[in-house]
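Chemist: Quick one, fold the following:
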Amino acid sequence: QVSPMAIPRASNETSYLLPPNKEDWEGHGIPDFVYGQEELVMEGVQWPRGALSLLNTPPLSHFDSALCSAWRQRMELGLFRYPLGALPTQTLPGTVGFVAQLNVERGVQRRRPQNIKSVRQEFDPEQFNFNQIRPGEVLFRLHGKQDCPGTVQQEDILVVINVSPLEWGHVLLVPEPARGLPQRLLPGALRAGVEAVLLSSHPGFRVGFNSLGGLASVNHLHLHGYYLAHRLPVEGAPSEPLDPRGRLHVLQALPAPGFLFYTSRPGPDLEALVSRVCRATDYLTDCDIAHNLFVTRGAPPGKTSSSSALSGVRVILWPRKPSFGIKEGEAFNVALCELAGHLPVKTAQDFSSLTEAAALALIRECLLPPAQAEDVQVALVALIGQEEQ
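Modeler: Next comes the predicted model:
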């Protein structure tokens with residue numbers, strides 16, 4: 001796999017780059033990345049045949065070009081905790097299609113998670129939060145234009161480097177940090193995450209959310225976004241409808257059962273999806289049930305396969321057992337990307353010995369007991385059924 005670091009520099013994206021002198025960063029201001037609904041691309045983004053990398057996809061979109069050029073510059077300037085090259089990557093033998101990657105530095109260098117005791121914990125300004133980051137860590141501000149009937153005015157979202165990156169282009173999407181929002185999903189943040197996936201012309205740009213107790217390490221509202229040049233099991237996993245109008249589905253396939261929401265149209269359909277997902281996550285949060293969420297281009301619900309066309313956006317929601325703190329002795333920690341089938345592994349020994357069965361066992365330990373999972377499903381079906389007919 002060719003490292004995406006080799007993407008040619010985008011000469012027309014200089015406005016997203018920091019000035020050469022560090023003393024000028026503070027006064028540099030945050031550039032706006034302004035986009036309209038016409039830039040949200042639903043169709044035509046597919047995995048290429050042959051080797052998968054950021055180089056042989058269709059031409060990079062304006063969003064990809066801005067993010068990648070600014071992100072690369074911050075890497076060259078040493079703003080990350082470690083340099084990130086091409087990570088050793090393998091697809092684990094078996095039926096699931098787990099993509100395992102060796103990322104030793106993240107396991108060692110990442111910031112210690114905060115002391116979280118509840119999914120509903122309030123924001124604490126005394127703990128680390130995104131008001132404390134260095135000026136150069138912000139790439140740009142995402143600003144969606146309200147240019148179409150049925151669309152909601154999008155709040156501004158900061159796109160910030162994750163200083164302990166999982167993969168190339170790993171950023172955080174942070175709604176206005178000064179508001180001091182706790183790590184509880186809100187419609188404006190989710191909408192920005194879904195629209196970021198649609199602004200990218202790379203099939204492997206994904207967005208996700210970890211709740212408190214779902215391995216979020218900072219209690220300040222943020223989503224993750226990153227590139228992974230590999231298909232993941234959840235893109236085409238088959239599903240069953242849970243309500244007659246097809247608004248909620250369940251994925252029963254491995255690596256983990258989850259709830260599937262899908263849209264293939266921007267505008268009002270996307271708004272309805274955002275509202276539906278956030279009602280579900282509100283219910284889980286109010287019940288103190290930890291959860292992870294993953295946004296990816298994918299196949300429509302139903303009897304699909306791993307090679308199905310990416311005709312819309314899948315949002316997958318996994319309620320799970322709460323996990324507070326990092327478990328040091330395990331090959332990986334189970335959060336948004338692991339449930340989707342991407343396994344960042346901490347040690348070379350685990351990377352060389354990890355099997356599909358061992359990965360599934362680690363994931364299974366984090367899932368809700370069957371009786372509680374059934375109760376949650378009944379509650380979410382009822383919740384979705386309350387929508388205006």
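Chemist: Would you mark the buried spots in whichever strand or helix holds Ser65?
Modeler: Element membership for Ser65, per DSSP states H and E: helix 62-76. Buried residues in helix 62-76, counted by 16 or more other Cβ atoms under 10 Å: 62-75. For every residue, glycine as well, the C-beta is placed using N, CA and C.
Chemist: just stretch 158-176 next, same as before
Modeler: By neighbour count with 16+ other Cβ under 10 Å, stretch 158-176 contains the buried residues 158-175.
Chemist: ok so, going back, right, and the pair among the buried residues of helix 62-76 with maximum separation?
Modeler: His62 and Met75 (20.6 Å; Cβ to Cβ).
Chemist: Show me the strands in the stretch 1-150 of the chain, by range?
Modeler: In the stretch 1-150 of the chain, the segments counted as strands under DSSP state E, counting those that start in this stretch are 32-35, 89-91, 99-102, 138-144.
Chemist: which one of those strands lies closest to Ala357?
Modeler: strand 99-102 (13.3 Å).
Chemist: what about the chain, any weak spots by pLDDT?
Modeler: 1-14, 50-58, 147-154, 305-307, 325-328, 388-389 (pLDDT under 70).
Chemist: Tell me how far the longest helix that it contains lies from the chain's centre.
Modeler: For the chain, the helix that runs over the most residues, judged by DSSP state H, is helix 268-286. A distance of 16 Å separates the centroid of the chain from that of helix 268-286, by Cα atoms, centre = their mean, to the nearest Å.
Chemist: quick one: buried residues of it?
Modeler: By neighbour count on 16+ other Cβ under 10 Å, the buried set for helix 268-286 is 270-274, 276-278, 280-281, 283-285.
Chemist: Please apply the same query to stretch 193-200.
Modeler: Applying a neighbour-count criterion of 16+ other Cβ under 10 Å, the buried positions in stretch 193-200 are Gly193, Val194, Glu195, Ala196, Val197, Leu198, Leu199, Ser200.
Chemist: Would you mind putting the CA coordinates of the helix or strand where the fourth one lies into PDB?
Modeler: This means Ala196. Counting by DSSP H and E, the element that carries Ala196 is helix 187-199. These are the backbone C-alpha positions of helix 187-199, laid out as PDB (Å, rounded to 0.1, in the frame of the first residue of the first chain):
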ATOM      1  CA  PRO A 187     -27.800  17.100  15.800                       C
ATOM      2  CA  GLY A 188     -25.500  19.900  14.600                       C
ATOM      3  CA  ALA A 189     -22.400  17.800  15.300                       C
ATOM      4  CA  LEU A 190     -23.800  14.700  13.700                       C
ATOM      5  CA  ARG A 191     -25.000  16.600  10.600                       C
ATOM      6  CA  ALA A 192     -21.500  18.000  10.200                       C
ATOM      7  CA  GLY A 193     -20.100  14.500  10.500                       C
ATOM      8  CA  VAL A 194     -22.400  13.000   7.800                       C
ATOM      9  CA  GLU A 195     -21.800  16.000   5.500                       C
ATOM     10  CA  ALA A 196     -18.000  15.700   5.900                       C
ATOM     11  CA  VAL A 197     -18.300  12.100   4.700                       C
ATOM     12  CA  LEU A 198     -20.300  13.400   1.700                       C
ATOM     13  CA  LEU A 199     -17.800  16.200   1.100                       C
END
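Chemist: what about the next helix-or-strand element following it, distance to the chain center?
Modeler: Remark: after helix 187-199, the chain's next helix or strand is strand 205-210, criterion DSSP H and E. If you compare the mean C-alpha spot of strand 205-210 with that of the full chain, they lie 1 Å apart, counting by Cα atoms, centre = their mean.
Chemist: Following the chain onward from strand 205-210, which element is next?
Modeler: strand 223-227.
Chemist: Quick one: neighbours of the residue nearest to Asp243 when sequence neighbours are not counted, just the number.
Modeler: Distances taken as Cβ to Cβ, 6 or more residues apart in numbering place Ile384 nearest to Asp243, at 5.4 Å, with adjacent residues excluded. For Ile384, the neighbour count with other Cβ atoms under 10 Å is 18.
Chemist: Can you name every helix or strand that the helix or strand encompassing Ile384 contacts?
Modeler: Counting by DSSP H and E, the element that carries Ile384 is helix 370-385. Packing partners of helix 370-385 (3 or more Cβ pairs under 8 Å, 6 or more residues apart in numbering; DSSP states H and E): helix 268-286.
Chemist: Just want the angle from the next helix-or-strand element following the helix it packs on to strand 205-210.
Modeler: Tracing the chain past helix 268-286, the next element assigned as helix or strand by DSSP H and E is strand 290-298. Following axes from the mean of the first three to the mean of the last three Cα atoms, to 10 degrees, one obtains 170 degrees for the angle between strand 290-298 and strand 205-210.
Chemist: For the very next helix or strand once past strand 290-298, name the packing helices and strands.
Modeler: Sequence-wise, the next helix or strand beyond strand 290-298 is strand 312-320, with elements assigned using DSSP H and E. The contact analysis (3+ Cβ pairs under 8 Å, 6+ apart) places strand 312-320 against helix 187-199, strand 258-263, helix 268-286, strand 290-298, helix 336-340.
Chemist: Output those as JSON lines; include the columns distance to Leu368.
Modeler: Supplementary listing: the helices and strands packed on strand 312-320 in JSON lines, determined by distance: least, Cβ to Cβ, whole Å:
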{"stretch": "helix 187-199", "distance to Leu368": "22"}
{"stretch": "strand 258-263", "distance to Leu368": "11"}
{"stretch": "helix 268-286", "distance to Leu368": "10"}
{"stretch": "strand 290-298", "distance to Leu368": "9"}
{"stretch": "helix 336-340", "distance to Leu368": "12"}
